[in-house]
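Student: Could you work out the structure for the sequence below:
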Amino acid sequence: MAKVKKYNLAGVSANVELGKQGSYITGSANAIGFYANGGTLQKLEIANAVVATQAITKAQLDDVAADLMQHITVDFDYDHGTTTIGTVSAGARIFSVTVDVPAAWTGASNQTSFVEVGDANNGSRFIRSSDCDVTKVGQYHSQYQYEYQTGGALQLSVTPGAASSGSGTVSVLVSADAVSVTDYGTITDAQGINSDLGNIA
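Tutor: Got it, this is the predicted structure:
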């Protein structure tokens, strides 16, 4: 005859065994664990959520996260040098890059003191040395979009030149997945079609 334990209203003990020498559930103030017979922590499996009050699976979360926009912001000083400010995965698209110069750099010459933003393959893909005038206060914005076929590292390069002090902030807007953009083609023989357009290729 099976022996049945009597539990009071305060609840069962912290460990509850499911069947004779079977899996068991443990509880603490911080977590609830599901363990196999051998003491191995098990993953809790659930079905895909279909209503707002149900928990979602990892697959559903990954699907949603793939379409999220991410905002990378990094502060830098005049002598920051070259550094990796983030990494992007295959299919990610850079939407915009902004460099903010809150105050003119001391002693800077725009020919020798500059900021560039790009990646390991092209260090000035988004912001070139001539795009950002560190001798003046301003926000310098690039809307050049680039979709990465393979993953890569985003880079910030700061060349102090004649500057003795100064700072700035770079902000990058990136999507975590590919975005479809309609290709309307190019003008291949503009001069022959309309001479007013000039020689546009």
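Student: Name the residue closest to the centre of the protein, please.
Tutor: The centre of the chain sits closest to residue 70, judged by CA atoms, centre = their mean, with a distance of 4.6 Å.
Student: For that residue, identify the helix or strand it belongs to.
Tutor: Using DSSP states H and E, residue 70 sits in strand 69-77.
Student: List the buried residues for that strand?
Tutor: Judged by neighbour count using 16 or more other CB atoms under 10 Å, the buried positions of strand 69-77 are 72, 74, 76. Glycine gets a C-beta too; all of them are placed from N, C-alpha and C.
Student: any weak-confidence spans in the chain?
Tutor: Scanning the chain with the threshold set as pLDDT under 70 gives 1-22, 38, 64-68, 177-201.
Student: Do you have the helices of it handy? List them.
Tutor: Ranges of helices within the chain are 58-65, 190-193, based on DSSP state H.
Student: Break the protein down into its structural domains.
Tutor: If you go by automatic domain parsing, the domain ranges for the chain are 12-47, 67-175.
Student: Can you tell me which of these is most buried?
Tutor: Neighbour counts (mean count of other CB atoms under 10 Å) averaged over each of these peak at domain 67-175, with a mean of 17.
Student: Which strand residues bridge residue 127?
Tutor: residue 117 (DSSP bridges).
Student: returning to that earlier point: for the residue nearest to the centre of the chain, give the beta-bridge partners.
Tutor: As for beta bridges, residue 70 partners with residue 174 under DSSP bridges.
Student: Now for residue 126: which residues touch it?
Tutor: Counting by CB atoms under 8 Å, 6 or more residues apart in numbering, residue 126 touches 94, 97, 117-118, 142, 144, 146, 172.
Student: just residue 43 next, same as before
Tutor: Shown in contact with residue 43 (CB under 8 Å, 6+ apart): no residues.
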